[in-house]
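*Asks:* A predicted structure for the sequence below; I have some questions about it.
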Amino acid sequence: MLTFINSDALPWPAEPISAVIFDLDGTITRPVLDFDRIRREIGVDGLILEALAKLDEPARKRALGILECHEMIAAENSELNPGISELLRLIDAAGCSKALVTRNSRRSADVVSSRHGLGFDAIVTRDDGPAKPSPEPLQLACRLLGTTPAKVLWIGDSLLDREAGIAAGIRTVIIRSRPCEPDDGALVLDSARELIDMLCVTARDDTDQERQPQMNADY
């Protein structure tokens, strides 16, 4: 398991961590998606997925095609953010399970995971139900990992990630990839390496449920 070395600066209790859930774009990978360009090509404003939900079927199908094209190009050319490989190795060394929760498609998430050999125990995408900032994808990831929100650490990079984590009752870390000033309730850092320096490996909590990795589960 993982624990925080110093709990003084944490916005929540420093309980042991049995699982870690990651966001994708901007957290695992360098942020390259040009959302303003995607919005212009589709012809919508605001959050893209929410805007798409308001379109009629033909327009939504066209818009999804544009969005998925951008996502696949980004996935196929993706680069990991600094410190992510080291953080994933630390998580594996601690015997923690790990999952990915993203507003991206399953196809693009699978491409990133395969390209970088990330080995997630579960992946939850917009294809599986409501997207962040709903807490539901994080709650689903907890169930797939066989653990509870109280034993999970959620790592994202945006206000949407903060909102989802707080709503799900999960300790939330925001590693800033863009200008972002989350409200109270999240631990805000500047890099994955900064988080690594705050963590240490501890003995497994035998009261924790046995993990049930379901990388290819039917949701």
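*Replies:* Cool, the structure landed.
*Asks:* so how far is residue 101 from the one residue sitting closest to the centre of the chain?
*Replies:* Among the residues of the chain, the one closest to the centroid is residue 23, at 1.7 Å (C-alpha atoms, centre = their mean). Between residue 23 and residue 101 the distance is 7 Å, computed by C-beta to C-beta, to the nearest Å. For glycine as for every other residue, the C-beta is placed from the backbone atoms N, C-alpha and C.
*Asks:* give the intersection of the neighbour lists for the two.
*Replies:* Residues within reach of residue 23 and of residue 101 at once, by C-beta atoms under 8 Å, 6 or more residues apart in numbering, are residue 132.
*Asks:* before we move on, back to that, so the residue nearest to the centre of the chain sits against residue 102, correct?
*Replies:* Yes: when contacts are counted by C-beta atoms under 8 Å, residue 23 is listed as touching residue 102 (6.2 Å).
*Asks:* ranges for the strands of the protein?
*Replies:* 2-4, 19-22, 97-101, 122-124, 152-156, 171-175, 186-189, 199-201 (DSSP state E).
*Asks:* distance of the residue nearest to the centre of the chain from residue 158?
*Replies:* Distance, residue 23 to residue 158, by C-beta to C-beta: 7 Å.
*Asks:* now stretch 83-95: buried residues?
*Replies:* By 16 or more other C-beta atoms under 10 Å, the buried positions in stretch 83-95 come out as 83-84, 87-88, 90-91, 94.
*Asks:* how long is stretch 47-64 end to end?
*Replies:* Taking C-alpha to C-alpha, to the nearest Å, the first and last residues of stretch 47-64 lie 13 Å apart.
*Asks:* tell me the mean pLDDT for that stretch?
*Replies:* Per-residue pLDDT values over stretch 47-64 give a mean of 97.
*Asks:* what does it contact?
*Replies:* For stretch 47-64, with C-beta under 8 Å, 6+ apart as the criterion, the contacting residues are 35, 38-39, 42-45, 67, 103, 126, 131, 160.
*Asks:* next, count neighbours for residue 65.
*Replies:* Residue 65: 10 surrounding residues under other C-beta atoms under 10 Å.
*Asks:* and it, how far is that from residue 97?
*Replies:* When C-beta to C-beta is the yardstick, residue 65 and residue 97 sit 34 Å from each other.
*Asks:* circling back: taking the buried residues of stretch 83-95 one by one, which sit in helices?
*Replies:* 84, 87-88, 90-91 (DSSP state H).
*Asks:* of all these, which comes closest to residue 118?
*Replies:* For residue 118, the nearest member of these is residue 88. The distance, counting by C-beta to C-beta, is 6.7 Å.
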